[in-house]
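**Q** Just need the structure, nothing else, for what follows:
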Amino acid sequence: MDSKLRFGSRVVSGWKSPSREPRPVNPPIYQSTTYVYDSLEDFMEAGSEQMLGEGGRYFYTRTGNPTNAMFEEKIAELEGGERAVAFASGMAAISTALLSLLRAGDRVVAHSKMYSASDTLFGQYLPGLGIEVDMTDLTDYAKMKKALSRPAKVLFIETPANPMVEIIDIPAAAKLARASGCVTVVDSTWASPYLMRPLELGADLVASSSTKYISGHDDALGGYVAGGAELVAAVDNYMLVLGGSMSPLHAFFSWRGIRTLHVRMDRHCSNALEVAKFLENHPKIMKVNYPGLKSHPQHDVAKKTMSDYSGMIAFWLKGGYEAASKLLANVKVCNVAVSLGDACTLIEHPATMTHITVDEERRKRLGITDNLIRLSVGLEDVRDLVRDLDRALSKV
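**A** Numbering: from 1, shown residues only. Below is the predicted model:
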């Protein structure tokens, strides 16, 4: 640093790299929005190419960041894609992917039950752009085949589907989609690439939230799109303009979460199966949806498309809103909160929490009734979870 610089200039001046190259176990977080070049010529040779999406060195973090790139490379590897791009949230990933594929006059087919923000995107925003949306029950092969018998540009699948843990047959759906000439996009947030890899099952793109099982600790918002290089490049170009890039800090937390993904998912799955069995045999429970139970309507599809059954359970109480309210008021180990995939167990009431934005009549028609409870089973000792739910159910 120039010793003649005054105090105000010295505090602003850049950092000095260590004299010896460090070799940390964990990579550094590149918490910077912009990158320095030696000259205009240096920038024109390297930086401008990055700005144009043609490679080169890092130019501006929305166009690329070393920490984000580390996360994207790992996601592409785990999902089995040629490339991945990281986003600020799962919804940023999904909406940007769809906007890169759809134009006014195009038609998109989607499952009738999905995450509430996705439901709003398909039910309100896409039609407002002149895009025809056909939301149908994709767990029914006949209905899916009928929907795809007409020209469509995109087939969007959420599986396991929020909030009722429905499972859609990706290989069958992708085959029908290819025959009709449309791109298959899958949101497999509830499975993670450890349990399901949609690209290997025939999908063209995966658009998922990393906030949930990937990061695993409810401390980092994020999402990603993975798939073939050409399709992902188109999505990336839209992200550069729409601006939904991931924070480097959240990219680091998400990358960190990946390192324990397999261990956590094994525990989520084993705990959820035990809790689901307990609930299925409880006298105050009307119905349980968990893919690992033989009673689940798509149990065989889950066996074909997943290596295990995840940590998400939907169940219906014998009773209405009052029963649901009493249950949530009396849990002590489970946490009343939205989101999922956390180390701790999260329990919620979809009709008044995650899916309150869905029209009431439509909620009832879809089965999102006042007695439906969604449970994200965490990593606690399963005996404590069962005891907690049993005690809370005794108050219902």
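**Q** For the stretch 201-350 of the chain, just list every one of the strands.
**A** 205-209, 223-227, 285-289, 312-317, 335-336, 346-348 (DSSP state E, counting those that start in this stretch).
**Q** I'd like those laid out as JSON lines, including distance to Asn68, mean neighbour count and mean pLDDT.
**A** Any C-beta I mention is one placed from the backbone N, CA and C, and that applies to glycine too. Output for the strands of the stretch 201-350 of the chain, formatted as JSON lines (distance: least, Cβ to Cβ, whole Å; neighbours: other Cβ atoms under 10 Å; pLDDT from 0 to 100):
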{"stretch": "strand 205-209", "distance to Asn68": "16", "mean neighbour count": "29", "mean pLDDT": "98"}
{"stretch": "strand 223-227", "distance to Asn68": "10", "mean neighbour count": "29", "mean pLDDT": "98"}
{"stretch": "strand 285-289", "distance to Asn68": "36", "mean neighbour count": "19", "mean pLDDT": "98"}
{"stretch": "strand 312-317", "distance to Asn68": "28", "mean neighbour count": "24", "mean pLDDT": "98"}
{"stretch": "strand 335-336", "distance to Asn68": "30", "mean neighbour count": "14", "mean pLDDT": "98"}
{"stretch": "strand 346-348", "distance to Asn68": "27", "mean neighbour count": "22", "mean pLDDT": "98"}
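**Q** Distance to Pro198 added to the ones you listed, as a markdown table?
**A** Formatted as a markdown table, the strands of the stretch 201-350 of the chain follow (distance: least, Cβ to Cβ, whole Å):
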| stretch | distance to Pro198 |
| --- | --- |
| strand 205-209 | 5 |
| strand 223-227 | 9 |
| strand 285-289 | 21 |
| strand 312-317 | 17 |
| strand 335-336 | 30 |
| strand 346-348 | 24 |
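**Q** Quick one: closest of these to Glu361.
**A** Among the strands of the stretch 201-350 of the chain, strand 312-317 comes nearest to Glu361, with 18.4 Å by Cβ to Cβ.
**Q** and the angle from that closest one to strand 285-289?
**A** 160 degrees (axes from the mean of the first three to the mean of the last three Cα atoms, to 10 degrees).
**Q** Now do strand 312-317: which elements does it pack against?
**A** On a contact count with 3 or more Cβ pairs under 8 Å, 6 or more residues apart in numbering; DSSP states H and E, strand 312-317 meets helix 261-280, strand 285-289, helix 321-330, strand 372-376.
**Q** what does that strand contact?
**A** Applying Cβ atoms under 8 Å, 6 or more residues apart in numbering, the set of residues contacting strand 312-317 from outside is 160, 163-165, 190, 272, 275-276, 279, 284-290, 323-324, 327, 340, 369, 371-377, 396.
**Q** same question, stretch 99-112
**A** Residues outside stretch 99-112 that contact it (Cβ under 8 Å, 6+ apart) are 98, 118, 122, 126, 129-139, 144, 147-148, 150-159, 161, 166, 168, 182-183, 185, 234-235, 237-238, 242, 366.
**Q** Selecting buried members of these in ChimeraX, what would you type?
**A** In ChimeraX, this line selects whichever of the contacts of stretch 99-112 come out buried by 16 or more other Cβ atoms under 10 Å:
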select :98,118,122,126,131,132,133,134,135,137,138,139,144,147,148,152,153,154,155,156,157,158,159,161,166,168,182,183,185,234,235,238,366
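**Q** Narrow the contacts of stretch 99-112 to those in helices?
**A** Counting by DSSP state H, the part of those found in helices is Leu98, Ser118, Leu126, Met144, Ala147, Ala234, Val235, Asn237, Tyr238, Leu242, Leu366.
**Q** If we only consider these, which is nearest to Tyr224?
**A** Val235 (9.9 Å).
**Q** wait, isn't that closest one in contact with Ala84?
**A** No: with contact defined as Cβ atoms under 8 Å, Val235 does not reach Ala84; the gap is 9.7 Å.
**Q** Sketch out the low-pLDDT regions of the stretch 1-150 of the chain for me.
**A** Applying pLDDT under 70 to the stretch 1-150 of the chain flags residues 1-3, 7-21, 47, 49-55.
**Q** Which parts of it are helices?
**A** Per DSSP state H, counting those that start in this stretch, the stretch 1-150 of the chain carries helices over the ranges 7-12, 40-42, 48-51, 66-79, 90-101, 116-120, 126-128, 141-147.
**Q** Of all those, which one is nearest Glu360?
**A** Judging the helices of the stretch 1-150 of the chain by Cβ to Cβ, what sits closest to Glu360 is helix 116-120, at 13.0 Å.
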